[in-house]
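Q: Turn this into a model:
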Amino acid sequence: MQNFSIGIIGAGNMGLALASGLALRMAPGRIAVSDPHPDKRQRVSDLGISALADNDSVVARADLLVLAVKPQAVRGLCTSIAPTVRDRQVLVISVAAGIRGADIARWLGGAPAVIRAMPNTPALINAGVSVLWANDQATAAQRQAAATVLGAVSEVFWLTDEALMDAATAISGSGPAYFFLMVEALTVAGVALGLPQDLSAALAAGTAAGAGRMVHDHPAEAALLRARVTSPGGTTERAIKSLLGEGFMEMFGRAALAARDRSRELGEQLGAA
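A: Here you go, the predicted model:
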């Protein structure tokens, strides 16, 4: 990994996931994390990483700064650290859903290099996917640095159109919850068919994990993989026909649309001057 220092503001799930993934790939002394909560700082310290209560102290030692806070907190955070960011010309990466790059740059009081990233919760086990977008101020080297940081816990994909970040949020950012819900639903269905709760949950979870690995290796072939399982006249075919007849595809389309629209709303509401 390149010789740069990384600061992370926020030690919630995503901030901690990034810190722990990076600690396996670079000297922990080059990473610093800030959070106001002592228990979260302790979790960071347990990784051998410097954990601080003061955000400016983290910014002052960082070449690359990750804002791992909730969307509602980004504006106040940016305003408070703006002088230090300007003095050091720090690359800023935001993982907050919906918050637009131009608003982040404005709150930071200038034209800093800003990269938006949308990782998802499987980053907690180094199995996430992240979608990134960079503003015009970000150099090629800074883009590579951002890809290296997010790549510590996820696969990395780039967008050239920032407007599509809301769609990516709907598919991969919120996406794990859809699959968790499907496992819940399969578990409930198994119990209704007479399976013990623990067995039904294990079968549903194991099936999801195995199917996930298969489609991960062949991401463009989901329909083909489904067809291979769906024997004509068999049990799977009848189940799939039932799902499609109930509007399964349209239901997911509506869900993704709702998530995308909420991401846009957050950007508009929280980015208002």
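
Q: And the helices in the stretch 1-150 of the chain?
A: 13-23, 38-45, 55-59, 71-88, 101-107, 140-151 (DSSP state H, counting those that start in this stretch).

Q: Out of the ones you listed, which is closest to residue 4?
A: helix 140-151 (5.9 Å; CB to CB). (Each C-beta comes from the backbone N, C-alpha and C, glycine too.)

Q: Now do the closest one against helix 13-23, angle only.
A: Angle between the axes of helix 140-151 and helix 13-23 is 100 degrees (criterion: axes from the mean of the first three to the mean of the last three CA atoms, to 10 degrees).

Q: from the chain's centre, how far out does helix 140-151 sit?
A: How far helix 140-151 lies from its chain's middle: 15 Å, per CA atoms, centre = their mean, to the nearest Å.

Q: quick one: contacts of it?
A: The contact list for helix 140-151 (CB atoms under 8 Å, 6 or more residues apart in numbering) reads 1-2, 4, 6, 18, 22, 63-64, 66, 91, 93, 113, 115, 117, 119, 130, 132, 134, 138, 156, 158.

Q: Sort out which residues of that helix are buried, please.
A: Neighbour counts over helix 140-151 (16 or more other CB atoms under 10 Å) mark 142, 143, 145, 146, 147, 148, 149, 150, 151 as buried.

Q: Those residues into a markdown table, with extra columns for distance to residue 77?
A: Compiled in a markdown table, these are given as follows (distance: CB to CB, whole Å):
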| residue | distance to residue 77 |
| --- | --- |
| 142 | 20 |
| 143 | 23 |
| 145 | 21 |
| 146 | 18 |
| 147 | 23 |
| 148 | 23 |
| 149 | 18 |
| 150 | 20 |
| 151 | 24 |
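
Q: out of the residues you listed, which one sits closest to residue 40?
A: Lowest distance from residue 40 to the buried residues of helix 140-151 (CB to CB) belongs to residue 149, with 19.5 Å.

Q: low-scoring pLDDT stretches of the protein, where are they?
A: 1-2, 273 (pLDDT under 70).

Q: which non-adjacent residue is nearest the residue most central in space within it?
A: The centroid of the chain falls nearest to residue 119 when counting by CA atoms, centre = their mean (1.8 Å). Once flanking residues are discounted, residue 119 sits nearest to residue 130: 4.1 Å by CB to CB, 6 or more residues apart in numbering.
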